[in-house]
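> Dropping a prediction and its sequence here:
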Amino acid sequence: MASNTPIEDSPFSFKPYEEKKGEEFMNEAQQEHFRRILNNWKKDLMSEVDRTMGHMRDDAANYPDPNDRASQESEFSLELRTRDRERKLLKKIDESLATIDSEDYGYCESCGIEIGVKRLEARPTAVLCIDCKTLDEIREKQMS
Ligand SMILES: [Zn+2]
């Protein structure tokens, strides 16, 4: 059955949720499903952050040569950017977890419709439905 294959562009693999016919959107089982996905993702990210920090500490002051230092510094700035991205993502994950608690999770922030289980599995931190997201991207392109 196709529904048991992991989702390709998801940040991790998990068993996709199988919706029963007539099942209510974001019922307790679905909330639990996404809470688990978000928590696992968060755990992964946090161990990633730990690794980055440990790596930066270990490397510091190991390069007496100025040229090595320069390349080390650009490597550091790359890692800092990575860390910044991870931090922002962690914040989004926390926000998503909070909306599960307040029962707002899974509904489009802009128009209020259900974002849908499949889209949420591919993007667990999505706050917009696909239509609003598309509009958003068009607007962004026009502004730049
Ligand atoms: Zn929408």
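Yes, it's here. Numbering: from 1, shown residues only.

> now the strands for the chain?
For the chain, no strands are identified by DSSP state E.

> which stretches of it have low pLDDT?
Scanning the chain for pLDDT under 70 picks out the ranges 1-12, 56-64.

> residues from it in reach of the ion?
Applying C-beta under 5 Å from the ion, one finds that the chain approaches the ion through 108, 110-111, 129, 132. To be clear about C-beta, it is placed using only N, CA and C from the backbone, and glycine gets the same treatment.

> just the buried members of the residues you listed?
108, 129, 132 (16 or more other C-beta atoms under 10 Å).

> and the residues you listed as a markdown table, adding distance to residue 102?
Listed next are these as a markdown table, based on distance: C-beta to C-beta, whole Å:
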| residue | distance to residue 102 |
| --- | --- |
| 108 | 15 |
| 129 | 19 |
| 132 | 20 |
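
> picking that back up, can you tell me which of the residues of the chain next to the ion are in helices?
Residues of the residues of the chain next to the ion located in helices (DSSP state H): residue 132.

> Residue 93: which of the residues of the chain next to the ion is nearest?
Minimum distance to residue 93 across the residues of the chain next to the ion is 18.5 Å, recorded for residue 108 (C-beta to C-beta).

> dump the residue contacts of the closest residue to that closest one other than its chain neighbours.
Spatially, and ignoring its direct neighbours in sequence, residue 108 is nearest to residue 129 (3.9 Å; C-beta to C-beta, 6 or more residues apart in numbering). The contact partners of residue 129, by C-beta atoms under 8 Å, 6 or more residues apart in numbering, come to 108, 110-111, 113-116, 119.

> Check residue 19 too.
If you count contacts by C-beta under 8 Å, 6+ apart, then residue 19 has residue 117 around it.

> at 10 Å what do you get?
3, 25, 27, 29-30, 116-118 (C-beta atoms under 10 Å, 6 or more residues apart in numbering).
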